[in-house]
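>>> Quick check, what structure comes out for this input:
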Amino acid sequence: MKYFIIAILFFITSVGFTSLGFGEEITLNEYLDLVKSNHPFFTKEELSIAIEKKEAESLPGAEDWIFSVAPGYNYYGEASAPEYGGQTRVHQVGVEADLNRLLWSTGGKLGFSITSGYFDADAAPFSGPSKYYKHGISVSYSHPLLQNSRGKLDRLPYELSAYTIDITSLRVYENQENFLLDIAVKYLDWVYFGEAVKIAQERLALAKQQLEQVQKKYKANLVDRVDVLRAEDSVRIAGQSVLQIEAQWKSKQAELAVIAGSDQLYKKTPSFELYSIEEIPRRDEAGLKARSRTLQAFKILKDQLVEQRTGLVEQQRAQLDVNLGVGVFGSDETFGKSLEIYHPDASVSLVFSKVLGGRTLKEQIEKLDLQVQQVEKDMKSMSRQLESSTVSILIRVVEMEKVLALNKAQVQSAREKTDEELKLYNRGRSQLTFVIQSRDNEENAKLNYAENASVYHTLLLQYRAILDELLAVDEEEGGEIK
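Predicted structure coming up:
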């Protein structure tokens, strides 16, 4: 029965080493690249930018030519006919085609018009013919002299949309980086469980080796039966620990495989220097503020509000538009003669309007001023928060390096203590219980070392995320993720 237990545990250990130790390795950066290329979260976030860009691209459509056609027929009876040159009846049939567009460069409106109509009355209007055809071509242009000069108000929605695109891009990249940080921490958990499996397997191998030695001593009547039972119990406990940690390792591997959308991850193991110590970058407050996407987003939002305010101030100005019109027309009792279009018409007018009081615009401007102040306070608050988070993490990193140095020394001390306990036991001057306890302490010291190393690298990842270095974005290539 004893040998059966040992054989089963040896088989479990061998399978564990095979499944966890000899797979193809994948680094953290390789895994993050895999997630970025496969996970729908990144595509979904990028669509937010594409949607805002399409919205912005639709706004210049306000400059598109607008074509309209208006055919119509009017009949005026005895009450209204005198107003239009008839006595008891007037028939009017006509069609007008217009082509108009806004000019953002000037703020004006340009229009072309073609008219064609027929007039039929029971009396000659104003001593003219009672029945005639009339056709004409005209051009009109309205130009703002005060409000909307050079098309400021016409272009404003399009110019504001550029700020919205930039803010959306920064928000998207920040969301993506936070997502990557969460995934990177899961990868570190995978690394830790892999290291924990190795430590547990080493403990199991030593427990089995100890059991074999105790059995030999028991056969030679050098130890009591209780030592054999203790050694067997140590093997079982170590085997259970291996199985439990392997289950956690495989569970984390499966989670990461699903996130990356790749079954190939089941054939891979993490490649990461868990116990490496990285050089801590010097804290640069000015550089942090310049690089921070969050602070950039606040700055862009402030600029957008200032631009909106400029538009409201422009609306406060009086409207003074000059309207110009010129055309050539032809009219005759016969249709053919009416097509001789060479009689010119022209018109010039000025239109002035001013909102008296302007309370609505005044209140909206004051509201924007308050919003600008609010954004400035948010920027200062976020700046302090980023600085405090950076200082806090760097302090923890420095202290964690000291802890890791102590952990490393503790592991060495625990190993030496185990060697001494083993020597005493082999000389018959100590009990097996102390050897087992010492080896368990050594395993716990190694696990604590690995866990703290994982925490250390997690802090470094968080620091990189604060500096917006976890997600590389190529701004020159339209904000593509590297």
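
>>> How is residue 139 assigned, secondary-structure-wise?
strand (DSSP: H, G, I helix; E, B strand; the rest coil).

>>> Enumerate every residue touching it.
Counting by Cβ atoms under 8 Å, 6 or more residues apart in numbering, residue 139 touches 110-113, 325-327. Glycine gets a C-beta too; all of them are placed from N, C-alpha and C.

>>> where do the helices sit along the stretch 251-400 of the chain?
Here the stretch 251-400 of the chain has its helices, by DSSP state H, counting those that start in this stretch, at 285-291, 293-316, 335-338, 359-426.

>>> For the third one, buried residues please.
For helix 335-338, burial by neighbour count (16 or more other Cβ atoms under 10 Å) applies to residue 338.

>>> What of stretch 293-301?
Going by neighbour count (16+ other Cβ under 10 Å), the buried part of stretch 293-301 is 293-301.

>>> what about the nearest residue to residue 446 once chain neighbours are set aside, neighbour count?
Distances taken as Cβ to Cβ, 6 or more residues apart in numbering place residue 199 nearest to residue 446, at 4.6 Å, with adjacent residues excluded. Look at residue 199: counted by other Cβ atoms under 10 Å, it has 22 neighbours.

>>> so the strand or helix carrying residue 199 versus helix 293-316, what angle?
Taking DSSP states H and E as the definition, one finds residue 199 inside helix 152-219. Relative orientation of helix 152-219 versus helix 293-316 (axes from the mean of the first three to the mean of the last three Cα atoms, to 10 degrees): 170 degrees.

>>> starting at the chain centroid, how far to helix 152-219?
When distances are taken as Cα atoms, centre = their mean, to the nearest Å, helix 152-219 is centred 19 Å away from the chain's centroid.

>>> Output the contacting helices and strands for that helix.
Under the contact definition 3 or more Cβ pairs under 8 Å, 6 or more residues apart in numbering; DSSP states H and E, helix 152-219 sits against helix 2-21, helix 28-38, helix 40-58, helix 225-260, strand 268-271, helix 293-316, helix 432-466.

>>> rewinding a little: so the residue nearest to residue 446 touches residue 450, yeah?
Yes. With contacts counted by Cβ atoms under 8 Å, residue 199 reaches residue 450, the gap being 6.9 Å.

>>> I'd say residue 296 and residue 169 touch.
No. The pair residue 296 / residue 169 is not scored as a contact, 9.8 Å apart, by Cβ under 8 Å.

>>> any common contacting residues for those two?
By Cβ under 8 Å, 6+ apart, no residue touches both residue 296 and residue 169.

>>> Could you report the separation of residue 264 from residue 186?
17 Å (Cβ to Cβ, to the nearest Å).

>>> Which one's more surrounded, those two?
Neighbour tally, residue 264 and residue 186, criterion other Cβ under 10 Å: the higher count belongs to residue 186, 15 against 11.

>>> these two touch, right, that one and residue 252?
Yes. With contacts counted by Cβ under 8 Å, residue 186 reaches residue 252, the gap being 6.7 Å.

>>> and residue 112, what are its bridge partners?
residue 99, residue 139 (DSSP bridges).

>>> Identify the residues contacting it.
Residues in contact with residue 112 (Cβ under 8 Å, 6+ apart) are 98-100, 137-140.

>>> Could you do residue 376 as well?
Contacts of residue 376 (Cβ under 8 Å, 6+ apart): residue 302.

>>> Following the record's annotation, map out the domains of the chain.
Domain ranges of the chain: 2-55+157-301+371-481, 69-149+320-357, per automatic domain parsing.

>>> which residues are in contact with stretch 156-168?
For stretch 156-168, the external contacting residues (Cβ under 8 Å, 6+ apart) are 48-49, 52-53, 55-56, 59-60, 297, 300-301, 303-304, 307-308, 310-311.

>>> one more time with 10 Å
For stretch 156-168, contacts defined as Cβ atoms under 10 Å, 6 or more residues apart in numbering pick out 45, 48-53, 55-63, 104, 148, 152, 296-308, 310-312, 314-315, 479.

>>> Just the buried ones from the residues you listed, in ChimeraX syntax?
A single ChimeraX command suffices to select whichever of the contacts of stretch 156-168 are buried according to 16+ other Cβ under 10 Å:
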select :45,49,52,53,56,59,104,148,152,296,297,298,299,300,301,302,303,304,305,308,311,312,314,315,479
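
>>> any low-confidence regions in the protein?
Flagging of the chain using pLDDT under 70 yields the residue ranges 1-23, 124-128, 281-290, 473-482.

>>> most centrally placed residue in it?
With distances taken as Cα atoms, centre = their mean, residue 172 lies nearest the centre of the chain, 1.3 Å away.

>>> In contact with the residue nearest to that residue when sequence neighbours are not counted, which residues?
Nearest residue to residue 172 in three dimensions, chain neighbours excluded: residue 45, at 4.4 Å (Cβ to Cβ, 6+ apart). Shown in contact with residue 45 (Cβ under 10 Å, 6+ apart): 168-169, 171-176, 179, 481.

>>> Apart from its neighbours in sequence, what residue is nearest residue 313?
Leaving out its chain neighbours, the residue that sits closest to residue 313 by Cβ to Cβ, 6+ apart is residue 365, at 6.7 Å.

>>> The one you found: how many residues sit nearby?
Neighbourhood size, residue 365 [other Cβ under 10 Å]: 18.

>>> That one touches residue 358, doesn't it?
Yes. Counting by Cβ atoms under 10 Å, residue 365 touches residue 358, with 9.5 Å between them.

>>> quick one on the thing from earlier: now the common contact residues for residue 199 and residue 450.
residue 411.

>>> re earlier: so which of the contacts of residue 139 is the most crowded?
Using other Cβ under 10 Å as the neighbour test, the contacts of residue 139 are led by residue 327, with 19 neighbours.

>>> How about that residue: which residues does it bridge to?
Applying DSSP bridges to residue 327 gives these bridge partners: residue 138, residue 345.

>>> which residues sit in contact with it?
Contacts for residue 327 (Cβ under 10 Å, 6+ apart) come out as 112-115, 136-140, 341, 343-347.

>>> Check the spacing between the residue nearest to residue 313 and residue 306 real quick.
Counting by Cβ to Cβ - residue 365 and residue 306 are separated by 11 Å.

>>> repeat for residue 418
Applying Cβ to Cβ, the value for residue 418 to residue 306 is 70 Å.

>>> returning to what we had before: and residue 219, which of the helices of the stretch 251-400 of the chain is closest to it?
helix 359-426 (15.8 Å; Cβ to Cβ).

>>> quick one, that closest one and helix 432-466 angle?
Using the same axes, to 10 degrees: helix 359-426 against helix 432-466 is 160 degrees.

>>> how far is helix 359-426 from where the chain is centred?
Counting by Cα atoms, centre = their mean, helix 359-426 comes out at 23 Å from the chain centroid.

>>> same thing with stretch 330-346?
64 Å.

>>> just stretch 465-472 next, same as before
Between the centre of stretch 465-472 and the centre of its chain there are 13 Å (Cα atoms, centre = their mean).

>>> Just the CA coordinates for it, please, in PDB.
The C-alpha trace of stretch 465-472 is given here as PDB (Å, rounded to 0.1, in the frame of the first residue of the first chain):
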ATOM      1  CA  ALA A 465       0.000  52.400 -16.700                       C
ATOM      2  CA  ILE A 466       0.100  55.700 -14.900                       C
ATOM      3  CA  LEU A 467       2.800  57.000 -17.200                       C
ATOM      4  CA  ASP A 468       0.700  55.700 -20.200                       C
ATOM      5  CA  GLU A 469       3.500  53.400 -21.300                       C
ATOM      6  CA  LEU A 470       1.700  50.100 -21.100                       C
ATOM      7  CA  LEU A 471      -0.200  50.900 -24.400                       C
ATOM      8  CA  ALA A 472       2.000  52.300 -27.200                       C
END
